[in-house]
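# Give me the fold of what follows.
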Amino acid sequence: MKRIAALLLASALGAPPLAHASGGAPARVRTTLTGRKAVPKGSRRGRGRVTVTIAGKRVCWTFRGVRGIDRPRAAFIDKGIPGEFGPVMVRLGAKYKASGCVTTTAGTAGAIGLSPRGFYVTVNTRKFPLGAIRGQLRKG
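Prediction:
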């Protein structure tokens, strides 16, 4: 009952949701990345998959099967619906790595974990600096 009251109070005060700050199970989200989904259009042959795990403020990722693009330079979680170009919310490392972890704010981590469809992952290359491949996040 105290937890519900605290959540209602935080909601009423406009506080951002916390991503499993109380020690619950980490949120796991994923997507399939393609160049057709990139905005503006990315690599027509580009493909890949990514799984993102969020625990508290920690965001960890693993890319698999990234192919059909030139050398990846950076990867991001951006805010936006399909077909929309949005702002960077989480930079997945200083430069592209197939896996790793970073820390973000509790509000950002919580928003991605609770409503992943409002966010997407993009992998940028020299030829496609705004995104060679992209995929909208979903739970799973």
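# worst-scoring helix or strand of this structure, pLDDT-wise?
helix 2-12 (a mean of 38; mean pLDDT, DSSP states H and E).
# Toward the C-terminus from it, list the very next helix or strand.
strand 27-34 (DSSP states H and E).
# Kindly export that following strand (C-alpha atoms) in CSV.
Written as CSV, here are the backbone C-alpha positions of strand 27-34 (Å, rounded to 0.1, in the frame of the first residue of the first chain):
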residue,chain,number,x,y,z
ALA,A,27,13.4,-4.8,-18.3
ARG,A,28,14.4,-6.5,-21.5
VAL,A,29,13.6,-4.9,-24.9
ARG,A,30,14.7,-5.8,-28.4
THR,A,31,14.4,-5.0,-32.1
THR,A,32,15.3,-6.0,-35.6
LEU,A,33,17.2,-3.3,-37.4
THR,A,34,16.9,-2.6,-41.1
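# going forward can the numbers begin at 36, since that is how I track them
All right, first residue 36 from here; so that's strand 62-69.
# Nearest the middle, which residue of the protein would you pick?
The C-alpha lying nearest the average C-alpha coordinate of the chain belongs to I112 (C-alpha atoms, centre = their mean; 3.5 Å).
# Residues touching stretch 126-141, excluding its own?
If you take C-beta atoms under 8 Å, 6 or more residues apart in numbering as the criterion, stretch 126-141 is touched by 51, 53-54, 56, 91-99, 101, 106-112, 124-125, 156, 158-159. For every residue, glycine as well, the C-beta is placed using N, CA and C.
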